[in-house]
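**Student:** Please find the sequence and the predicted model below.
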Amino acid sequence: MEDIQSKTPSLSIPIDRVGVKNFRYPIVVRRKNNGTQHTVAKVTLYVDLPSEFKGTHMSRFIEALQEWSGVLDYQSFKELLKDIQKRLKARKSHLSISFPFFMENYAPKSGIKALMAYECAFGGELEDKKLTMFLEVNVPVMTVCPCSLAICERGAHSQRANIKIRCEFEGLLWLEDLIMIARNSGSSPVYALLKRIDEKHVTEEAFANPVFVEDVVRRVAIQLKDHPLIKWFRVEVESFESIHNHNAYACIESKNRS
């Protein structure tokens, strides 16, 4: 059959990334405690496309994914990127996998256990045999406004904020470690399940530790900067304000990028 994709396009312009986006696929994520977790991911696969080709072969991305082990670790990740390059005859391949990751959290006073879901991502790019990878976590926290607390006789406004960490790294960097850095950087962590004794503790703890988004992003950044495995990072904090018709936002990005 005629291969239309391999024909010369009417506009000879190279394309940086072309492929398939948000393909749902089951994966296995390794956990820090030597266990594994099965979850469902959204997978995005891209390659570069030279100017002399009209299009890419989309089916080959899915074929590569179907033959992949589905285990999310360094070696299998690299092998999938190499396979995509080979099938598509590409110079560069890109892979991004986003998924919910579940951790057991314990209520601070009752000790009751519940699973908490965190939106995470693992991705990277292979070019000229050089592999760069990133990890991303999104972690909700509670924040109490220091200004509101200072000027009010009773109470202060509080709200949830989302901490988004994306980092490039070397070695074995665990999702759990990044999640804990974020969880401990707000006024209080957010929990899946709390009893009354826990709600009292969380509220009092948060009001004793008021923070702006600027405080939160600095707390996270200083820990990432000192982490021996992290080579580059970007931290974003978005506060879903409870008394304003806008969100508050802060971002810190490290200068050294691999």
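**Tutor:** Yep, it's here. Residues are numbered from 1 along each chain as shown.
**Student:** Show me which residues of the helix or strand where residue 135 lies are buried.
**Tutor:** Per DSSP states H and E: residue 135 is located in strand 130-144. Of all the residues in strand 130-144, those buried under the rule 16 or more other C-beta atoms under 10 Å are 132-144. Where C-beta positions appear, they are placed from N, C-alpha and C, glycine not excepted.
**Student:** Can you tell me which of those is closest to residue 75?
**Tutor:** Lowest distance from residue 75 to the buried residues of strand 130-144 (C-beta to C-beta) belongs to residue 133, with 11.9 Å.
**Student:** Could you measure from the closest one over to residue 173?
**Tutor:** 9 Å (C-beta to C-beta, to the nearest Å).
**Student:** same thing with residue 183?
**Tutor:** From residue 183 to residue 173 the distance is 16 Å (C-beta to C-beta).
**Student:** The two - which one has more neighbours?
**Tutor:** residue 183 (21 against 18; other C-beta atoms under 10 Å).
**Student:** Once you drop chain neighbours, what's closest to that one?
**Tutor:** Here the nearest residue to residue 183 in space, its sequence neighbours aside, is residue 189; by C-beta to C-beta, 6 or more residues apart in numbering that works out to 4.4 Å.
**Student:** Tell me where the chain has strands.
**Tutor:** For the chain, applying DSSP state E gives strands covering 15-30, 36-49, 71-72, 92-106, 113-127, 130-144, 158-169, 188-189, 230-239, 248-253.
**Student:** what angle separates the fifth one from strand 36-49?
**Tutor:** With axes from the mean of the first three to the mean of the last three C-alpha atoms, to 10 degrees as the basis, strand 113-127 and strand 36-49 are set at 30 degrees to each other.
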